[in-house]
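Trainee: no sequence on this one, just coordinates:
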């Protein structure tokens, strides 16, 4: 099993965890690989994947990706006949949700995609409780999903055919429906172990981790050190380039947190205002464009008071059609909500 995760250490650190069934599931998954939750009876006949990108332009990127994965032994080259999924894994090229009705994700229950992420409100509340000058630090896990091994019986789903050769992947791809849930299971457990090893307060969103401590107490530094030591112990590597803090001003998940002024800011405010300006006067749009602006506004909600009330109708309209390239007619109420965002939401 090619994974940096050390199952013996996981087993040892989780000996006192209250949920024995849960810990057995995790240790067994690290040792043998995790099942993906795929049920072939729920998909239609398998067929060729619909690839929507120019493969020639991406050839160099794909070859580089495969070279890196082969060197890391997360992907194996196989000879002869092999079961191949209708969708290739390569995140630069295709989508695990295509073609509709016969993709890998169509065979995975939607309930396995439900993940509760941390809330930025929890971080802000922590800062307010600690007061002016609270210290913040952040880190993120290197290669995130690619640390998580896949069970041998499910690897055929992640096979790749490229340039006349067949490769098999042994770790989670990024766009798999059940991947966030599996990775969050590991992340939540690492957080539990880190707290037992001295971390006072931690929150994580998939592979991004933040800690906040009282000014001048050293609490933030100790929590981050405990977190890093726990990751090293369990075999989950961190991306050293993205470590930052302790600091009083820090950008976390594209939201700027300032504990000196007790402010939450959007570093990309100018770009958002430009996007909103482009929507002024529009009377129709396709669903894809609609979801694009909704994504930006939903993220901005983390820093904007009275926020979601002016996003609900915009979101509801996008649900009236199913296909991304279908057009929607903007009603007066929708245009009014976008106008509110322009005038007051992102000053």
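Mentor: Cool, got the structure. Because the structure is predicted, anything quoted here is derived from the model rather than measured.
Trainee: CA atoms for contacts and neighbours, from now on please.
Mentor: Will do.
Trainee: please report how far the spatially most central residue of the chain lies from residue 64.
Mentor: For the chain, the residue whose C-alpha lies nearest the mean C-alpha position (C-alpha atoms, centre = their mean) is residue 206; its distance is 5.2 Å. With the distance defined as C-alpha to C-alpha, to the nearest Å, residue 206 ends up 26 Å from residue 64.
Trainee: equivalent analysis for residue 197, please.
Mentor: As defined by C-alpha to C-alpha, residue 197 lies at a distance of 39 Å from residue 64.
Trainee: tell me which of the two has more neighbours.
Mentor: Neighbour totals were compared for residue 197 and residue 64, and residue 197 leads with 16 against 12 (other C-alpha atoms under 10 Å).
Trainee: what about the closest residue to that one other than its chain neighbours, which SS state?
Mentor: Nearest residue to residue 197, sequence neighbours excluded (C-alpha to C-alpha, 6 or more residues apart in numbering): residue 226, at 6.0 Å. On the three-state scheme (DSSP: H, G, I helix; E, B strand; the rest coil), residue 226 is labelled helix.
Trainee: ok, residue 226 - how many residues close by?
Mentor: Residue 226 has 20 neighbours, counted by other C-alpha under 10 Å.
Trainee: got the contact list for it?
Mentor: Neighbouring residues of residue 226 by C-alpha atoms under 8 Å, 6 or more residues apart in numbering: 194-195, 197-199.
Trainee: for the stretch 151-300 of the chain, just list every one of the strands.
Mentor: Counting by DSSP state E, counting those that start in this stretch, the stretch 151-300 of the chain forms strands over residues 159-162, 165-169, 203-205, 208-213, 244-247, 249-252, 255-258, 263-265, 284-286, given from the N-terminal end onward.
Trainee: ranges for the strands of the stretch 1-150 of the chain?
Mentor: With DSSP E, counting those that start in this stretch applied, the stretch 1-150 of the chain shows strands at 75-78, 135-140, listed in chain order.
Trainee: now those strands as CSV including mean neighbour count and mean pLDDT?
Mentor: As requested, these are arranged in CSV below (neighbours: other C-alpha atoms under 10 Å; pLDDT from 0 to 100):
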stretch, mean neighbour count, mean pLDDT
strand 75-78, 17, 83
strand 135-140, 25, 94
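Trainee: tabulate those in JSON lines, adding columns for distance to residue 297.
Mentor: JSON lines is the format used below for those (distance: least, C-alpha to C-alpha, whole Å):
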{"stretch": "strand 75-78", "distance to residue 297": "38"}
{"stretch": "strand 135-140", "distance to residue 297": "24"}
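Trainee: so which of those comes closest to residue 287?
Mentor: Smallest distance to residue 287 across the strands of the stretch 1-150 of the chain (C-alpha to C-alpha): 32.6 Å, for strand 135-140.
Trainee: per-residue confidence for residue 216?
Mentor: pLDDT for residue 216: 91.
Trainee: from residue 131, how far off is the residue lying closest to residue 186 once chain neighbours are set aside?
Mentor: The shortest distance from residue 186 to any residue other than its chain neighbours is 7.4 Å, reached at residue 26 (C-alpha to C-alpha, 6+ apart). Residue 26 is 38 Å from residue 131, where distance means C-alpha to C-alpha.
Trainee: what about those two, which has more around it?
Mentor: It is residue 26, of residue 26 and residue 131, that has more neighbours when counted by other C-alpha under 10 Å, with 22 against 16.
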